[in-house]
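Trainee: Got a predicted model here, sequence first, then my questions.
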Amino acid sequence: MGAQAAGPLVVGVDSSTQSTKTLVVDAETGAVIARGQAPHPVSGGAAKETDPRQWWRALGEALARCGDAVRQVSAVSVAGQQHGLVVLDATGAPVRPAILWNDVRPAPQSERLIAELGGAEAWAERIGSVPPPAFTVAKWAWLRANEPAAADATAAVRLPHDYLTERLTGEAVTDRGDASGTGWWASATESYDTEVLAHVGLDPAALPRVARPGEAAGTVHADELPLPKGALVAAGTGDNMAAALGLGLRPGQPVLSLGTSGTVYAASTLRPADPTGTVAGFADARGDWLPLACTLNCTLAVDRVAALLGRGREAVEAGGTVVMLPFLDGERTPNLPRASGLVHGLRHDTTAGQLLQAAYDGAVFALLAALERVLDAGTPADAPLLLIGGGAKGAAWRETVRRLSGRPVVVPEAQELVALGAAAQAAGLLLGEDPAAVARRWGTARGAEYGSVERDGAAWERLAATLTDGAALLRR
């Protein structure tokens, strides 16, 4: 239990790939009154799947760990991992486990959909994104091709956060932020694209209503959770949109998030449409836009390299010219779903510490290479990078970002920014305020500041050349 509350209490939920976190927050001050967490499993191997009922179980456990404070809340919001395909039957029960964002089996369907509906440029102009294997539309196409009986039994299609919001409220509701990562919500019209849906054989009636920013999804009606009946439930959103809310992000502030996956994004008032597919043209949860690039291989991949080398994750050494592209699970940015890790330039005098540093460099390079496409033209080259996610706590990650970007870095003190952003959305709904302004009042982006250092152009050039020269191997 944390501080005493000055204002009404709200709950922010972060239902992520491997666990669910809950924060009970004072809506006035942003003080965290209580927190809870519970894990949920992900299948191993090529399939990345979780039974959605495990998310619901974990939500109940995480809320219970918040103690009595959770029984006094006035509003709730759920943020969830993006893109996941949740298929439900006519009774609302899962037809099969949810297929998660980091499952790259739909790569052939992604390529085919892009070709069949006008090519990358047409997708970017209309939908806002060129759909990679992560996007829900590719996962649905994969399900129809590989498990037609499951597709036929599907009466409703949801995203992970939609599933939890619906179980909380009984209402089928999503928001524009999370919907913009499906591939069937068009940013050009801010509505479901009936041509895309017809092409993949999905009835629009199977999809949830898209709530407007600031609109409630409903109220708590679920009996089995320790939340008060009748508490307001916000529309919720995707995890990246929630983190942007949690930081109170203004246009032109770049964010680099280091987690299981890595993301780089910024808020923008301009609708993004990148025909190269590097940048996903997401909507944010407020009414603006959140151009974002995502890499599959970030902290997990670097930790795996450290384990293989028998070293702690901070045991890096400078020097040497070895290059590593740590694409251990295929990659999304650059779009190389069949790639494996690539090491080039090993010498007799290469040390284990230099090899580990090369893994950090490769992961950060992939994110920073996408940064310029994410930022609006005219964003200052010395705009500080907000560094968030689990990796932001690590000196090796922070120093690699500084060295390869040449930008100053700010590491916000606030933890659990996705859950905090969900709490800010709930507070905004309750108080009738802009949730990003709520987060700015809470001071969530304050933190340690690290000045810029000279950019390591030589390492950058080695990485870029290895990516180009290794293209044939990486596409196998």
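Mentor: Received it, and whenever you're ready, just let me know what you need. Note that the coordinates shown come from a computational prediction; the quantities given were computed from them, not determined experimentally.

Trainee: max-length helix in this structure?
Mentor: helix 352-374 (DSSP state H).

Trainee: Show me what it is packed up against.
Mentor: Applying 3 or more C-beta pairs under 8 Å, 6 or more residues apart in numbering; DSSP states H and E, we find helix 352-374 packed against strand 255-258, strand 262-265, strand 289-295, helix 299-309, strand 323-325, helix 395-405, helix 457-469. Backbone N, C-alpha and C define where each C-beta goes, glycine included.

Trainee: could those go into CSV alongside mean pLDDT, distance to Ala62 and mean neighbour count?
Mentor: CSV is the format used below for these (pLDDT from 0 to 100; distance: least, C-beta to C-beta, whole Å; neighbours: other C-beta atoms under 10 Å):
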stretch, mean pLDDT, distance to Ala62, mean neighbour count
strand 255-258, 95, 21, 26
strand 262-265, 95, 23, 28
strand 289-295, 94, 25, 27
helix 299-309, 97, 22, 19
strand 323-325, 98, 36, 26
helix 395-405, 98, 27, 21
helix 457-469, 98, 39, 15
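
Trainee: Could you point out which of those sits nearest Arg446?
Mentor: strand 255-258 (14.7 Å; C-beta to C-beta).

Trainee: who touches that closest one?
Mentor: 240, 243-244, 247, 249, 262-266, 298-299, 367-368, 371, 385-392, 394, 397, 401 (C-beta atoms under 8 Å, 6 or more residues apart in numbering).

Trainee: Stretch 336-356 too?
Mentor: Against stretch 336-356 from outside (C-beta under 8 Å, 6+ apart): 104, 107, 110, 132-133, 301-302, 305-306, 309-311, 313, 315-328, 330-331, 358, 462, 466, 470, 473-476.

Trainee: Now that stretch: buried residues?
Mentor: Within stretch 336-356, the residues that qualify as buried are 336-337, 339, 341-344, 350-356, counting by 16 or more other C-beta atoms under 10 Å.

Trainee: Quick one: distance of it to the chain centre.
Mentor: 27 Å (C-alpha atoms, centre = their mean, to the nearest Å).

Trainee: Give me the number of neighbouring residues for Gln54.
Mentor: 17 (other C-beta atoms under 10 Å).

Trainee: same deal with Asp203?
Mentor: 12.

Trainee: isn't it right next to Leu197, touching?
Mentor: Yes: under the contact definition of C-beta atoms under 8 Å, Asp203 touches Leu197, with a separation of 7.4 Å.

Trainee: which residues do these two both contact?
Mentor: By C-beta under 8 Å, 6+ apart, no residue touches both Asp203 and Leu197.

Trainee: what about the chain, any weak spots by pLDDT?
Mentor: 1-4 (pLDDT under 70).

Trainee: farthest residue from the center of it?
Mentor: His348 (39.7 Å; C-alpha atoms, centre = their mean).

Trainee: State the distance from Leu417 to Ala358.
Mentor: Applying C-beta to C-beta, to the nearest Å, the value for Leu417 to Ala358 is 29 Å.

Trainee: can you list the buried residues of stretch 336-356 in a markdown table and add distance to Ala280?
Mentor: Shown next, in a markdown table, are the buried residues of stretch 336-356 (distance: C-beta to C-beta, whole Å):
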| residue | distance to Ala280 |
| --- | --- |
| Leu336 | 16 |
| Pro337 | 15 |
| Ala339 | 19 |
| Gly341 | 24 |
| Leu342 | 24 |
| Val343 | 29 |
| His344 | 29 |
| Thr350 | 36 |
| Thr351 | 37 |
| Ala352 | 36 |
| Gly353 | 35 |
| Gln354 | 33 |
| Leu355 | 31 |
| Leu356 | 30 |
